[in-house]
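> need a structure here:
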Amino acid sequence: MQWDAMRRGRMAESLAARARAVDDALSAVYPDAHCALNHDGPYQLLVATVLSAQTTDARVNTVTPELFTRFPDAAALAAADPEELEAIIRPLGMQRTRAERLIGLGLGLSGRFDGVVPSDRKALASLPGVGRKTAHVVLGNAFGIPAITVDTHVGRLARRLGWTEQTDPLRVERDIAALWEQERWTDGCHRLIEHGRAVCHARSPRCGDCPLAAEALCPRVGL
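From the prediction side, this is the model:
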């Protein structure tokens, strides 16, 4: 039993070292990786992240300039005319549901937090339309609090790299947290996302162009 424990410990150390090497390699390829949602401050990032559910960051960026001009803070969002709000976000689809969610978010921020976005995960997750992933985006990118954001790219790459076998985002998050130091969490996820978008696609990953394959850091080359 002691030998098994020692072997498991060595395997965990080896996996953690490889996970750090992956992040180092991706840092060289994507030195400017950052949140793809255009924003200025916690309020804008929170609203943009809530809007990004079931659509792309690029599409959200097409509607937020007008949205933030018309509704620059939580109080304005809480008092928004639903039809006006729906018209602005219509390009994203599901505009009625999204509008209701944003108004609820504005009311929650105004009524419970004096219009200020909280820097606490539990408080953030208590707001309408805000789940753990959204809270982590805001914590990591608006407040500089280390946070792991498991989107489809991060989950897919973590499994392909052998860091986890899990599909549940919370379990994937915990497995990554066990491998990376906290200072890697936020930007490391941005680098995984960039790599997932550019090279490690869900279908037909471009393994021939992958720096991780070239450095023998990926065990799933040729998927």
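> buried residues in the helix or strand hosting residue 88?
Residue 88 belongs to helix 82-89 when assigned by DSSP states H and E. By neighbour count on 16 or more other C-beta atoms under 10 Å, the buried set for helix 82-89 is 85-86, 88-89. Every residue, glycine included, has its C-beta placed from N, CA and C.
> and if you look at stretch 88-106?
88-89, 92, 95, 98-106.
> do the same with stretch 110-130
Buried, per 16+ other C-beta under 10 Å, within stretch 110-130: 110, 113, 115, 117-118, 121, 124, 127, 129-130.
> ok, of the residues you listed, which one's closest to residue 41?
residue 117 (8.2 Å; C-beta to C-beta).
> could you pull up the residues touching that closest one?
42-43, 46, 109, 124, 138, 142 (C-beta atoms under 8 Å, 6 or more residues apart in numbering).
> now it: how far from residue 97?
22 Å (C-beta to C-beta, to the nearest Å).
> ok so, going back, now the angle from the helix or strand that the helix holding residue 88 is followed by to helix 82-89?
Proceeding N to C from helix 82-89, the next assigned helix or strand is helix 95-113, under DSSP H and E. Angle between the axes of helix 95-113 and helix 82-89 is 110 degrees (criterion: axes from the mean of the first three to the mean of the last three C-alpha atoms, to 10 degrees).
> name the helices or strands packed onto helix 95-113?
The contact analysis (3 or more C-beta pairs under 8 Å, 6 or more residues apart in numbering; DSSP states H and E) places helix 95-113 against helix 42-51, helix 74-78, helix 82-89.
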